[in-house]
Each structure stands twice: as structure tokens, then as C-alpha cells.
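have a look; sequence and predicted model below, questions after that.
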Amino acid sequence: MHLLGWLTCLLLVWIQSPGIASFHAPDPLIVEIPNGKLRGKDNGPYYSFESVPYAEPPIGELRFEPPRPYSRPYSDTFDATKPPVPCMQWNQFISESNKLVGQEDCLTVSIYKPKSSSRKRFPVVVLLHGGCFMFGGASSNGHDYIMRAGNLMLVKISYRLGPLGFVSTGDRELPGNNGLKDQRLALQWIKRNIANFGGLPENIVVIGHSAGGASAHMQLLHEDFSGLARAAISVSGNALDPWVVQEGGRGRAFELGRIVGCGLAKESAILKRCLKSKPASEIVSAVSSFLVFSYVPFSTFGPVVEPADSPEAFLTQHPREIIKSGKFAQVPWAVTYTTEDGGYNAALLLEQNRTTGEIWIDKLNDRWQDWAPYLLFYRDSQKSIRDMDELSRKLRQDYLGDRRFSEESYWDVQRMFTDILFKNSVPETLDLHRRHGKSPLYSFVYDNPAVSAVGQWLSNRTDVYFGSVHGDDFFLIFKASIRTVIRPDEEIISENFMKMLEVFAFSDNGELIFGNCHFKNNVNNEKFQVLRITRNGCTNEEYYQFP
């Protein structure tokens, strides 16, 4: 009996020995999902599981088709240590004349998990990257800040872009929106699988910037989005921005076919067959033929309203009509803008033309009537050329009066771009959602210029004050290579953003907090409730009309 007791004690000591415990501890780099096992990478402060396929490669006969779930079992342990490749694109931020990067086989998710001694499971932030639906990718949005904070798991989604993701003939043969369908399938994959990585599937927040913000909004316009995420944030982009859902897609589709050698095909089925036979690089490089100068218009292939009979349709009504119907997901949502968002588009007007030595803004004096509809995205929404020209004249008069386009009038041009392309949609979408929705509805404006960011990069100038431009706030959440200087006040703002995301993911009542400021709900409020974020902190503002 004494011998049995002694052996039992010895066994307990042996089991509790640190060396023995570590021997039996599961490998944190191995994760098993229905397809099989994956091996991730130890990055010091965090683990990563990158380039995990959520869909079959959209190549060959699957090009221009809705994504198909990746259901094949792994033949061996999947190598999830390779960084995600960008989907093939004509990228504005490539300085060379050949802007083609990426590959067609790109439909993956990449997961980043902080190491923590106090937490085993994490709320999840899902990123829908921006890039005008034309370019960008998971790797262009750094995860350093989120991993350093150590309280959130991050998942980045790669989705098809440009003509490969959004070309549309406006009928069931080639309805379009495959990039949005990619996002949706990826969100479903995350919901099913993230628990295996240590994520909390009931505590998912979807966030996007620019086209990613508009994407988050459009995902939310599906009622069942409430089963995929707890909340969403659209930073400097929403579904009502004029560059998001465009008309004229059919004409661009057939023009694309002509450019790549499909002749003057008039039937969608014939065009689709021909485009499937062409090299992806030729299709994407054809984007350059749609640009009137520089990278204008910045979005030539994007979301469209699909016909109701299209298979697996994503969007069969304009977002405005969907919101009015009240048939959208009732989850907490925040929509934002920066005070000079339009600097992203206007700044390139200050770039010197390498051929003539002129700056583009001076050329506007002769070309405004021709270029304005492309710059401000009303070329396909006006009924006639006369209406288009009249709107161009009115906008010039409203913002510049009798002055010429020049460096001296640049600030008013930028203000025009901010209003039309980003800001005006915010009060409209807030008003529609507060009248037809029930879930918490928030907004913030970011008013804190960066030292150097998008405006300086696009204009290739440091002598111009641009204000708080597109991305000045978002790049404090997701690090960007063009943000080389981060001030102490921006470090504090970045930390507040991290805490804001964590609270949003966990809140049962949809509460949103930034620093010591509590966002105010726009639902059941006659005045717009907007949180202003500056270098000195945050303040709640309210007004009947946006200033």
C-alpha cells in the first residue's frame, strides 16, 4: 500500500515537471482545420499563418466566375509561412510606367495572432484593404501596431481587383462583383475556422479603408452579415461614394475586349470566352488604356448593380435603395472621413508632367470640361453631354468662382474633391441608416495632418500643406510604408484606436469608445453625432448639417 502511494506521488511529480509538461504541450505553430494541418511562423511577438486558401484559384474556366470554396484536403502539412501575394493589378503606387504586379491565383487569408501569457483566445479584426477596387493588398497594410498592442487577432483578406474582379457586361453572363463575392466567401471561412487559431468567432469586427470601407458597408447590406461579424467600421469610404457603384460597366467591358484583341464582339458570352483565353497580364495591363492622364480615373472597374437573375448575385439594387428597404444587417457600424480626404485625388494635380514640365492643375484650365467627369465620377451618371458640361461649369463656379486653376487655388480644388468624393456621402448614409436601421450608428472625423503621407507621395512635393488627407488616420492602425514619421501624439492616437477596436469587438450593446470619449449614437437623433479626433484629443460634436 505504501509502495502504491509512493509510486502515485512519483507519477504526479513526473507529470507536473516543467520539462515533461513542455514535452506534451501542443505546438502553437500547428493548427488543424477541416482541410488538414497548417504550419505557421514564429515572429517573436506574434505567430502568423499566411496565404491560407479560402477559395479555388480563380484561373482558367474559373476566371470571371464567383469564387468556389477551397475544399480539397491538404496532402501534407500546409506551409503557411509565405507572405500573401497581391492579386494581379495595375498599381497606382508603382512609380515606373509598367505598373503590373501580382498574380491571378491569390484568394487567401492571412492570420496574425499575438503571444500572450494572460489570454488564450482573442477578438478578431478582419481587414478589407483599400485601393479603389483596382490595387492594393494584404501586405500593403502592416500589422505591427495591432500585434504590438497584443489584444487582437488580425485576419487580412485578399480579393480579386480591377477587371479580373469587377468587369461586368450587366447581364447574367458576366454580372460582375466577383471581388465582393470573394470577400464574402472569406468572411464565411473566417467565421467557420478562426476558433481553431484561437480567435473568438462571436467577436469579429470588420474594418476597411477607402474601397475597403465601402466594401465593409456593402457586406453589411446583406442581412446575414450579422451572422459573420459583430460590428463594422468604414474608414473614408462607404457604398454611397460616387466612385463606388458606377454605371457604364457594359461599355467598359466590351472596350476591354477590343483592347486585348477580342474584336468587336457584341454578345456577352462570346466576350467572356475570349477574355478567358487571354493572358491575365494583358487584361490587367489594359487598365492603362482607360486612364485619361496619370491614374485618372482612379477606379475604372468596380462594383455594379447586377441583374436580378444573375447567379449568386451580390448586389441587385443600388445601396441607397437597400438601405431604404431596411433589409440590411442590424450590427453596430461606424462611418468616417478625414477633413481633407480629397487630397488623395487632388494631390496628383500638383505633380509635374515629366514630358512638358507643366503641373497638371494648370492644364485643367483648358481641359476641365473633358477631365472633370473622370476626376469626379459623373461621366456615366449624367443623361447627356450637355448635362455633364453644365455640372462641370457649376462645380468650377461654386468652388473657384472666376479664379483659374493654379497652385494658389489648389486648396479649393482639394476641398471640392473632398466634398464630392468622400464627405458628402457621410451625412447622406448616416441619415438613411438612422431612419431605416435600429443598430448603433457612429461617425468620426479625423483632423490631424501627418508630417508626410499620401499627398506628399502623389505630388512628389514637400512644400505644400495638404491637411489631414486620406489615410492619415487609418495608417495609425495599419502601418504604411509611406508614413515614415509618427509623432508622439500619433502614437497615443494609434493606441486609442487599438483599444477602440477591442472594446467594439467585446461590447454587448455596441458601445464605441476612443480615449476618454464615448461615441454618440445617430439612431433616434435629429442632429448628426460626430466625434472629432485631433492631436489634442477628441470632442463630441453635433449639428443639423455637416459644416
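Perfect, thanks for sending it. Residues are numbered from 1 along each chain as shown.

other residues contacting the helix or strand where Met500 lies?
In this structure, Met500 sits in helix 488-506 according to DSSP states H and E. Here helix 488-506 makes contact (CB atoms under 8 Å, 6 or more residues apart in numbering) with 123-125, 145-146, 149, 151-152, 200, 203-205, 207, 230-231, 233, 332, 448, 450, 473, 476-477, 486, 510-515, 533, 535-536. Where you see a C-beta, it was placed from the backbone N, CA and C, and this is true even at glycine.

just the buried ones from these?
Using 16 or more other CB atoms under 10 Å as the burial test, the contacts of helix 488-506 include 123-125, 145-146, 149, 151-152, 200, 203-205, 207, 230-231, 233, 332, 448, 450, 473, 476-477, 486, 510-515, 533 as buried.

so which of these belong to strands?
123-125, 200, 203-205, 207, 231, 233, 513-514, 533 (DSSP state E).

pLDDT value on Pro311, please?
If you check Pro311, the pLDDT there is 87.

give the contact list for it.
Counted by CB under 8 Å, 6+ apart, Pro311 has contacts Pro66, Arg172, Pro175.

verify the stated contact: the second one with Ser310.
Yes - judged on CB atoms under 8 Å, Arg172 makes contact with Ser310 at a distance of 4.5 Å.

and these two? which has more neighbours close in?
Ranked by neighbour count (other CB atoms under 10 Å), Arg172 and Ser310 place Ser310 first, with 20 against 15.

for the closest residue to Gly510 other than its chain neighbours, give me its contacts.
Nearest in space to Gly510, with sequence neighbours left out and distances taken as CB to CB, 6 or more residues apart in numbering, is Pro332 at 3.3 Å. Remark: with contacts taken as CB under 8 Å, 6+ apart, Pro332 is in contact with Arg230, Ala231, Ala232, Ser439, Pro440, Leu441, Tyr442, Phe504, Ser507, Gly510, Leu512.

and of these, the nearest to Gly213?
Nearest to Gly213 among these: Ala232, at 9.2 Å, using CB to CB.

OK, contacts around the closest one?
Val205, Val206, Ile207, Ala216, His217, Gln219, Leu220, Phe225, Val331, Pro332, Trp333, Ala334.

what helix or strand does the most centrally placed residue in the chain sit in?
Compute the mean C-alpha point of the chain, and by CA atoms, centre = their mean the closest residue is Gly212, 1.6 Å away. For Gly212, the enclosing helix or strand under DSSP H and E is helix 211-220.

number of residues surrounding Asn35?
15.

try the one 5 residues further on
For Gly40, the neighbour count with other CB under 10 Å is 24.

how close does it sit to Asn196?
Counting by CB to CB, to the nearest Å, the separation of Gly40 from Asn196 is 12 Å.

same check, this time on Ser234
For Ser234, the distance to Asn196 equals 29 Å [CB to CB].

for those two, indicate the residue with more neighbours.
Ser234 (31 against 15).

the more buried one touches Tyr337, doesn't it?
No - assessed by CB under 8 Å, Ser234 is found out of contact with Tyr337, at 9.7 Å.

for the helix holding Gly212, packing partners?
strand 122-128, helix 178-193, strand 199-209, strand 231-235, strand 333-338 (3 or more CB pairs under 8 Å, 6 or more residues apart in numbering; DSSP states H and E).

give me the angle between that helix and strand 199-209.
120 degrees (axes from the mean of the first three to the mean of the last three CA atoms, to 10 degrees).

next, the angle from helix 211-220 to helix 178-193.
Going by the same axes, to 10 degrees, helix 211-220 makes 70 degrees with helix 178-193.

per-residue confidence averaged over helix 211-220?
Here helix 211-220 scores 98 as its mean pLDDT.

go ahead and confirm Arg72 touches Gly36.
No - applying CB under 8 Å, one finds Arg72 not in contact with Gly36, separated by 9.2 Å.

who's more crowded, those two?
More neighbours surround Gly36 than the other of Arg72 and Gly36, with 13 against 10 (other CB under 10 Å).

which ones are touching the more buried one?
Each residue near Gly36 by CB under 8 Å, 6+ apart is listed here: Pro73, Tyr74, Asp76, Thr77, Phe78.

now for Ser268: which residues touch it?
Thr169, Asp171, Glu173, Leu174, Ala253.

listing request: residues of the stretch 1-150 of the chain with sub-threshold pLDDT.
Counting by pLDDT under 70, the stretch 1-150 of the chain shows low-confidence ranges at 1-25.

show me where the stretch 301-450 of the chain dips below the pLDDT cut-off.
354.

tell me which stretches of it form strands.
333-338, 441-446 (DSSP state E, counting those that start in this stretch).

looking at these, which is closest to Asn91?
Taking the strands of the stretch 301-450 of the chain one by one with CB to CB, strand 333-338 is closest: 22.4 Å.

distance from the closest one to the middle of the chain?
Computed by CA atoms, centre = their mean, to the nearest Å, the chain-centroid distance of strand 333-338 equals 13 Å.

tell me the domain ranges of this protein?
Split into domains by automatic domain parsing, the chain comes to 31-337, 344-509+534-543.

in TSV: the ones you listed, plus distance to Asn524.
Below are those laid out as TSV (distance: least, CB to CB, whole Å):
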stretch	distance to Asn524
domain 31-337	14
domain 344-509+534-543	7
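
looking at those, which is buried most?
Highest mean neighbour count of the domains of the chain: domain 31-337, a mean of 20 (counted as mean count of other CB atoms under 10 Å).

any idea how far Gly537 is from the closest residue to Asn536 other than its chain neighbours?
Nearest residue to Asn536 in three dimensions, chain neighbours excluded: Asp489, at 7.8 Å (CB to CB, 6+ apart). Distance of Asp489 to Gly537, computed by CB to CB: 9 Å.

what about the helices in the stretch 301-450 of the chain?
Along the stretch 301-450 of the chain, the segments classed as helices by DSSP state H, counting those that start in this stretch run 319-325, 343-346, 360-375, 385-400, 410-418, 425-436.

out of these, which gets nearest to Val244?
When the helices of the stretch 301-450 of the chain are compared (using CB to CB), the closest one is helix 319-325, at 7.8 Å.

what packs against that closest one?
Counting contacts by 3+ CB pairs under 8 Å, 6+ apart, helix 319-325 is packed against helix 425-436.

could you export the helix it packs on as CSV, CA atoms only?
Output of helix 425-436 as CSV, limited to C-alpha atoms (Å, rounded to 0.1, in the frame of the first residue of the first chain):
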residue,chain,number,x,y,z
SER,A,425,-21.9,60.8,-48.7
VAL,A,426,-21.3,60.6,-44.9
PRO,A,427,-24.4,62.7,-43.8
GLU,A,428,-26.5,61.0,-46.5
THR,A,429,-25.6,57.5,-45.4
LEU,A,430,-26.0,58.4,-41.7
ASP,A,431,-29.4,59.9,-42.4
LEU,A,432,-30.6,56.9,-44.3
HIS,A,433,-29.3,54.4,-41.8
ARG,A,434,-30.7,56.3,-38.8
ARG,A,435,-34.1,56.4,-40.4
HIS,A,436,-34.2,52.8,-41.6
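
which residues sit against that helix?
Contacts of helix 425-436 (CB under 8 Å, 6+ apart): 217, 238-242, 320, 323-326, 333, 335-337, 441, 443, 522-525, 528, 545-546.

what's the distance between Leu395 and Leu364?
For Leu395 relative to Leu364 (CB to CB), the value is 12 Å.

what's the burial count for Tyr544?
If we define neighbours as other CB under 10 Å, then Tyr544 has 8 of them.

need the pLDDT of it.
93.

any chance you could map the helices in the stretch 1-150 of the chain?
2-16, 18-24, 144-149.

which elements pack onto the shortest one?
Contacts defined by 3+ CB pairs under 8 Å, 6+ apart place helix 144-149 against strand 108-114, helix 488-506.

make CSV out of those and add distance to Gly249.
Listed next are those as CSV, based on distance: least, CB to CB, whole Å:
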stretch, distance to Gly249
strand 108-114, 27
helix 488-506, 35
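
nearest to Ile157, out of these?
Nearest of those (CB to CB): strand 108-114, 5.7 Å.

strand partners (parallel or antiparallel) of the closest one?
strand 46-53 (antiparallel), strand 153-157 (antiparallel) (DSSP bridges).
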